[in-house]
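[1] Return atomic coordinates for the entry below.
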Amino acid sequence: MLPKVKVSKSVVASLYILPISVLAFLLLLVFVPIEHKVGYYITLFFALFSMVNCIYSVVCSFFILRAYHSVANARHRAFDYLVLCILNVFAGYHFWRKIKRKEQADEIEIDLQWKFSVLDVFYIAWVFIAIVSSKLMYGA
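    Have a look, this model is predicted:
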């Protein structure tokens, strides 16, 4: 029986949310003029939303690193934390790729779970704060 790696689906989804939000922000900067009232509001929202996604991605990278450590060699843990600090937002992609390689080599089995954690609640709350604060900045 292969060892199982339990990972929340929301943590894996964070790997896709960050590039989508950054791409949407860049496309809005190109296509929506900031001089327009709605363009200013949308630009503020996506700037705040991208910052929230960066913070969420770093925290989710830590959870992916913990999942990787549950099946990886214990000798390199300090180095992995150093890689997490250096790669910052991109560390989740690095360690998820390592987990997927172990799965493809039939060394482990990935168990994606639907778990609604405190992290998800904070993410939703911060997205709501980004919406409200961008609306308040727009009205100021």
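[2] Make sure residue 4 is actually in contact with residue 113.
    No: Residue 4 lies out of contact with residue 113 (Cβ atoms under 8 Å); the separation is 10.3 Å. For every residue, glycine as well, the C-beta is placed using N, CA and C.
[3] can you give me the strands in the chain?
    4-8, 109-113 (DSSP state E).
[4] So which of those is the most surrounded?
    strand 4-8 (a mean of 17; mean count of other Cβ atoms under 10 Å).
[5] Could you list the alpha-carbon positions for that strand in PDB?
    Taking Å, rounded to 0.1, in the frame of the first residue of the first chain, the C-alpha atoms of strand 4-8 are listed here in PDB:
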ATOM      1  CA  LYS A   4      -1.100   8.800   1.100                       C
ATOM      2  CA  VAL A   5      -0.600  12.600   1.000                       C
ATOM      3  CA  LYS A   6      -3.600  14.400   2.100                       C
ATOM      4  CA  VAL A   7      -4.000  17.900   0.600                       C
ATOM      5  CA  SER A   8      -6.900  20.200   0.600                       C
END
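[6] Go through the strands of the chain and name the closest to residue 40.
    Proximity to residue 40 (Cβ to Cβ) singles out strand 4-8 among the strands of the chain, at 35.8 Å.
[7] Return the list of strands paired to the closest one, each annotated with direction.
    Next to strand 4-8 in the sheet, as set by DSSP bridges, lie strand 109-113 (parallel).
[8] Average pLDDT for the partner strand, rounded please.
    With pLDDT averaged residue by residue, strand 109-113 scores 90.
[9] Ok, stretch 43-63 next?
    Stretch 43-63 comes out at a mean pLDDT of 86.
[10] Return the set of buried residues in that stretch.
    43-46, 48-50, 52-53, 56-58, 60-63 (16 or more other Cβ atoms under 10 Å).
[11] middle-most residue in the protein, spatially?
    residue 57 (2.6 Å; Cα atoms, centre = their mean).
[12] list the contacts for the residue nearest to residue 126 when sequence neighbours are not counted?
    Using Cβ to Cβ, 6 or more residues apart in numbering and skipping residues adjacent in sequence, the residue nearest residue 126 is residue 52, 4.6 Å away. Contact partners of residue 52, counting by Cβ atoms under 8 Å, 6 or more residues apart in numbering, are 123, 126, 127, 130.
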